[in-house]
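Colleague: Got a predicted structure here, sequence first:
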Amino acid sequence: MQLKLPSKLPYLILLSVIVVYLYSTILLQQSSTLSATVTTTSSSTSVSCNFFQGRWVVDPKFPKPFYDETCPFHRNSWNCIRNKRENMVLINSWKWVPKDCDLTRIDPKSFLGLMRNKNIWFVGDSLNENFLVSFLCVLRVADVGAKKWKKMGAWRGAYFPNFNVTVAYHRAVLLARYEWQPLKSAVDSEGSKGTYCVDVDIPADDWATVTDFYDVVIFNTGHWWGYDKFPMETPLVFYRDGKPIFPSLGLFDGLKVVLQSMVSYIQKELDTWFNPSNNGAPHGTEIRLLEFSHLSEFRADAHPAVWLGKRDAVAIWGQDCMHWCLPGVPATWVDIFSQLTHNRFETR
Ligand SMILES: *[C@@H]1O[C@H](CO)[C@@H](O)[C@H](O)[C@H]1NC(C)=O
């Protein structure tokens, strides 16, 4: 029997829907739907503590961020210290305190030790890239020889030589494959120029072709599912099995269907990867929802806003009220992710 035999087995799959406050109402609804999916497909019990409910407190004794404006992995417009964003000290004095559990700060050295010879993969839109940059800068503290890494279609990433760990981001804003299709006939259908055809059942090539390399995957999607990105003249049209879905789906139903079908795609692939006949290595995979949306929503103070580093950037792009200053709120995502990962690997 032909089985797909990757050289390495992904141990853990994590799903994140990171949401900014502009889109929160829509996506909170979506993420509760997704939660349900994830719970039923999860193959092992979850950690009893919920890191995603809690409150922010100002803690002047909270240790300083792990890195500053000199981290070589920065993306300019998120480098708020260098761009002289006001209140950076205060922004980084807020500490997320989960309701029923202790959130400890990541220990970069022990995290990299735990991940030795493994690779971590971020897939999604620029908010996951934002998460990645924060992660790379934190981990670099434990391995200053970290080098930029951009292979296999990665947009951004780093290799940590002392631990043989790669952490990288692949861009796939909708997660599913989509393609521009210009209008064929000259018959004008109410100003439409063409459509973006989304195959709800086919993952984007950007990530589907490199699954063998990675052990831990963090997915996100969110802010591309809006009419600002895909207005009525150039809408998304959803396909399944290569045929248009009928009746046609609106944008937000499309998001729901894509998330469900990506989760079942991963589930199905992994069932194959984890088939016990595959080296007798039934590692078990876990899919978890990282609900960073809720805790981040309180932190409208921590966006790059007008501090984008370039003159006229605001005139051209507008303020950035979506990504997060680095260092800043994503440090908390890193801490939660690290703790969940420790819990997961150390109890096995
Ligand atoms: C580094 O890790 C990869 C797996 O990601 C493994 O195949 C390789 O043998 C490791 N290299 C060393 C030098 O340990």
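Modeller: It's in.
Colleague: Can I get stretch 172-191 in PDB? Just the C-alpha atoms.
Modeller: Extracted in PDB, the C-alpha atoms of stretch 172-191 (Å, rounded to 0.1, in the frame of the first residue of the first chain):
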ATOM      1  CA  ALA A 172      -1.700  32.300   2.300                       C
ATOM      2  CA  VAL A 173      -4.200  35.000   3.200                       C
ATOM      3  CA  LEU A 174      -7.400  32.900   2.600                       C
ATOM      4  CA  LEU A 175      -5.700  29.600   3.400                       C
ATOM      5  CA  ALA A 176      -7.600  28.100   0.500                       C
ATOM      6  CA  ARG A 177      -6.500  28.400  -3.100                       C
ATOM      7  CA  TYR A 178      -7.900  31.300  -5.100                       C
ATOM      8  CA  GLU A 179      -7.400  32.700  -8.600                       C
ATOM      9  CA  TRP A 180      -8.300  35.800 -10.500                       C
ATOM     10  CA  GLN A 181     -10.600  35.200 -13.400                       C
ATOM     11  CA  PRO A 182     -11.300  38.200 -15.600                       C
ATOM     12  CA  LEU A 183     -14.700  38.600 -17.100                       C
ATOM     13  CA  LYS A 184     -14.800  36.700 -20.400                       C
ATOM     14  CA  SER A 185     -17.500  38.400 -22.300                       C
ATOM     15  CA  ALA A 186     -17.900  42.100 -22.900                       C
ATOM     16  CA  VAL A 187     -21.400  41.900 -21.500                       C
ATOM     17  CA  ASP A 188     -21.200  44.100 -18.500                       C
ATOM     18  CA  SER A 189     -22.800  42.600 -15.500                       C
ATOM     19  CA  GLU A 190     -23.300  45.600 -13.200                       C
ATOM     20  CA  GLY A 191     -19.800  46.900 -13.300                       C
END
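Colleague: what mean pLDDT does it have?
Modeller: If you average the pLDDT over stretch 172-191, you get 82.
Colleague: cool, and stretch 293-300?
Modeller: 94.
Colleague: Same check on stretch 216-231?
Modeller: For stretch 216-231, the mean pLDDT works out to 90.
Colleague: List the buried residues in it.
Modeller: Neighbour-count burial for stretch 216-231 flags 216, 217, 218, 219, 220, 221, 222, 223, 224, 225, 230 (criterion: 16 or more other C-beta atoms under 10 Å). C-beta here means a position set from N, CA and C on the backbone, and glycine is covered the same way.
Colleague: That concludes my questions; thank you for your assistance.
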